[in-house]
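Colleague: need a structure here:
(one chain, ligands or ions: 1)
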Amino acid sequence: MDFTLNDDQRALQEAARKFAQTELPALARELEEANEPLPQAWVKRYAEMGFLGINLPEAFGGQGMSHFDAVLVLEEFAKISGAVAAPIFESCFGPTLAIQRYASEELQRRVLPAVCAGEMVVAVSMSEPNAGSALTDLRTRGVVEGGQVMLDGQKRWCSGAGHAEGYLVYCRLSDAPGAAGIGAVFVDKGTPGLSFGKREKLMGFRSTHHCDIFLDRVQVPAAQIVVPAGGFKQLMQAFDLERCGNTTMSLGLAQGAFDDITRYIKERIAFGRPLADFQAVQLKIAEMAMKLDASRLLLYRAVVNAADGLPSLRESSIAKCFANEIVRQVCIDAMQLMGGYGYSTEYDMERRVRDSFGWGLAGGAIDIQKINIAGAVLGHRFDQRRS
Ligand SMILES: Cc1cc2nc3c(=O)[nH]c(=O)nc-3n(C[C@H](O)[C@H](O)[C@H](O)COP(=O)(O)OP(=O)(O)OC[C@H]3O[C@@H](n4cnc5c(N)ncnc54)[C@H](O)[C@@H]3O)c2cc1C
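Modeller: This next block holds a predicted model:
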């Protein structure tokens, strides 16, 4: 398998790197301090520079490039912070993927160009108070009648809740039990009956809004059903690609920590020598480098094999699970190597450690990925409800 970047990909990666490294570090710190997402003016700027919807078709305002191209760009932004990378993550690997594949053409034409122009953020609302890993326990219900869907229920943990203009809401669209009754509906933020709870205070991800979403007799046209009842499998297939976005965010975060620490240990003097001169420090750096390379290769395998389609459950779960584990390890090791400075909020490292723990929960917990992997390896989906 050949992961050599061609000239266009190298130029794209370099453009993203230059922009991210020169324009975004100070802004990332401001957003962290303010607990707020990237302002709209910046999102528009990303759009003008062609950084949104990289892997969406040109007909919808995207760049018509590959998932691999999108990964190359996203990693450069994620090295700085999740906050500044979020619009790229959402537009290339978020619920837009399900909308592009399964929604009516009318909805695609309304949503996707707005996302690519930086005028709309779409969030995915799957989890509920009593349905996280056990997602098929979700209870939010949509009743289809007379060309309308009436939605009632409560959602939890949605990244971007209250901030995003649109929501892909997973819900029960028939009385069929378990996965068979589940589909998804697009809901605009201003729809009557849709409201938001108090903002969650999380350990990391501070610039992303999270809160409960309440749906109280929310009525939308049936044409906004993106996937009807029985389409849970389709939703999960699109989610296989979302996992590659989560993987890239994890990898970028880890790589950012690594880049900082490799600079730091050459400058910081202890016992009259740079930290980099000590063999115990060198071993840590080698371990981090191996983890990063392995993570990047697993990610590249998943997206390159997907071409412009969807990756396999096995390859996307392996990539996500590995990246989710190593980002925690790399960030913690880098923080330790910074000594007291690593623990100070004056520097980016403690923020990186806090953020690193979120990715192994968002998009499915680490152990759930391992269950996916074991199922794929053994050729059997293990029913978690039966021993
Ligand atoms: C930062 C962040 C962002 C998020 N963004 C979104 C979002 O945008 N949209 C959305 O819908 N949701 C989002 N979530 C929710 C996320 O998908 C859930 O938190 C996750 O799926 C786990 O569900 P839970 O929290 O209910 O944990 P539970 O399902 O209660 O699981 C708790 C732990 O139990 C273990 N566990 C559970 N079941 C099993 C099993 N069968 N075998 C082995 N171990 C098991 C796992 O280790 C798991 O970590 C986000 C969460 C976080 C923290």
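
Colleague: okay, CA-based contacts and neighbour counts for the rest of this
Modeller: OK.

Colleague: which bits of this structure sit near the ligand?
Modeller: Within the chain, the positions near the ligand by CA under 6 Å from any ligand atom are 124-127, 131-134, 157-159, 358, 361-365, 367-368, 384.

Colleague: let's see 5 Å
Modeller: Neighbours of the ligand within the chain, by CA under 5 Å from any ligand atom: 124-127, 132-133, 157-159, 358, 361-365.

Colleague: in helices, which of those appear?
Modeller: Using DSSP state H, no member of the residues of the chain next to the ligand falls in helices.

Colleague: I'd like the distance between residue 91 and residue 109.
Modeller: Per CA to CA, to the nearest Å, residue 91 is found 15 Å from residue 109.

Colleague: buried ones in stretch 110-128?
Modeller: Neighbour-count burial for stretch 110-128, counted by 16 or more other CA atoms under 10 Å, picks out 111-128.

Colleague: how about stretch 183-202?
Modeller: Using 16+ other CA under 10 Å as the test for burial, stretch 183-202 gives 183, 184, 185, 186, 187, 188, 189, 194, 195, 196.

Colleague: now do stretch 61-80
Modeller: Buried residues in stretch 61-80, counted by 16+ other CA under 10 Å: 61-64, 66-80.

Colleague: first-to-last residue distance for that stretch?
Modeller: Stretch 61-80 has its terminal residues 26 Å apart, counting by CA to CA.

Colleague: pLDDT of it, averaged?
Modeller: Averaged across stretch 61-80, the pLDDT comes to 98.

Colleague: mind starting the numbering at 701 from now?
Modeller: Got it, first residue is 701 now, which makes that one stretch 761-780.

Colleague: let me see the confidence value for residue 1087.
Modeller: At residue 1087, pLDDT is 66.

Colleague: what's the answer for residue 716, then?
Modeller: Note on residue 716: pLDDT of 98.

Colleague: check the one 3 residues further on too.
Modeller: For residue 719, the model assigns a pLDDT of 98.

Colleague: please apply the same query to residue 1078.
Modeller: pLDDT, residue 1078: 96.

Colleague: endpoints of stretch 896-915, how far apart?
Modeller: Stretch 896-915 has an end-to-end distance of 9 Å (criterion: CA to CA).

Colleague: contact partners of it?
Modeller: For stretch 896-915, contacts defined as CA atoms under 8 Å, 6 or more residues apart in numbering pick out 731-732, 734-738, 782-783, 851-863, 893-895, 1051, 1054-1058.

Colleague: which one's more surrounded, residue 791 and residue 809?
Modeller: Taking neighbours as other CA atoms under 10 Å, residue 791 and residue 809 compare with residue 791 leading, 28 against 16.

Colleague: residues contacting the residue of the chain most remote from its centre?
Modeller: Ranked by distance from the centre of the chain (CA atoms, centre = their mean), the top residue is residue 972, with 43.1 Å. Taking CA under 8 Å, 6+ apart, we find residue 972 in contact with no residue.

Colleague: show the backbone phi and psi for it.
Modeller: Main-chain dihedrals, residue 972, degrees, to the nearest 10: phi 80, psi 10.

Colleague: follow-up on the earlier one: so which of the buried residues of stretch 810-828 belong to strands?
Modeller: 822, 823, 824, 825 (DSSP state E).

Colleague: now do the same contact list for the closest residue to residue 765 other than its chain neighbours.
Modeller: Distance criterion CA to CA, 6 or more residues apart in numbering; nearest residue to residue 765, sequence neighbours excluded, is residue 755 at 4.7 Å. Neighbouring residues of residue 755 by CA under 8 Å, 6+ apart: 762, 763, 764, 765, 766, 767, 769, 770, 792.

Colleague: assumed the first one was part of a strand.
Modeller: No - counting by DSSP: H, G, I helix; E, B strand; the rest coil, residue 762 is located in no strand; its state is coil.

Colleague: correct me, but it touches residue 811?
Modeller: No - taking CA atoms under 8 Å as the definition, residue 762 is not a contact partner of residue 811, at 11.8 Å.

Colleague: quick check: mean pLDDT of the strand or helix carrying residue 918?
Modeller: Element membership for residue 918, per DSSP states H and E: strand 910-921. Strand 910-921 shows a mean pLDDT of 98.

Colleague: surely residue 930 meets residue 877?
Modeller: No - applying CA under 8 Å, one finds residue 930 not in contact with residue 877, separated by 10.2 Å.

Colleague: of those two, who's got more company?
Modeller: The residue with more neighbours, out of residue 930 and residue 877, is residue 930; 18 against 11, by other CA under 10 Å.

Colleague: how about the more buried one, what does it touch?
Modeller: 879, 880, 881, 882, 883.

Colleague: so for the longest helix seen in the chain, what gets flagged as buried?
Modeller: The single longest helix within the chain, with elements called by DSSP H, is helix 932-967. For helix 932-967, the neighbour count (16+ other CA under 10 Å) marks 932, 935, 937-958, 961-962, 964-965 as buried.
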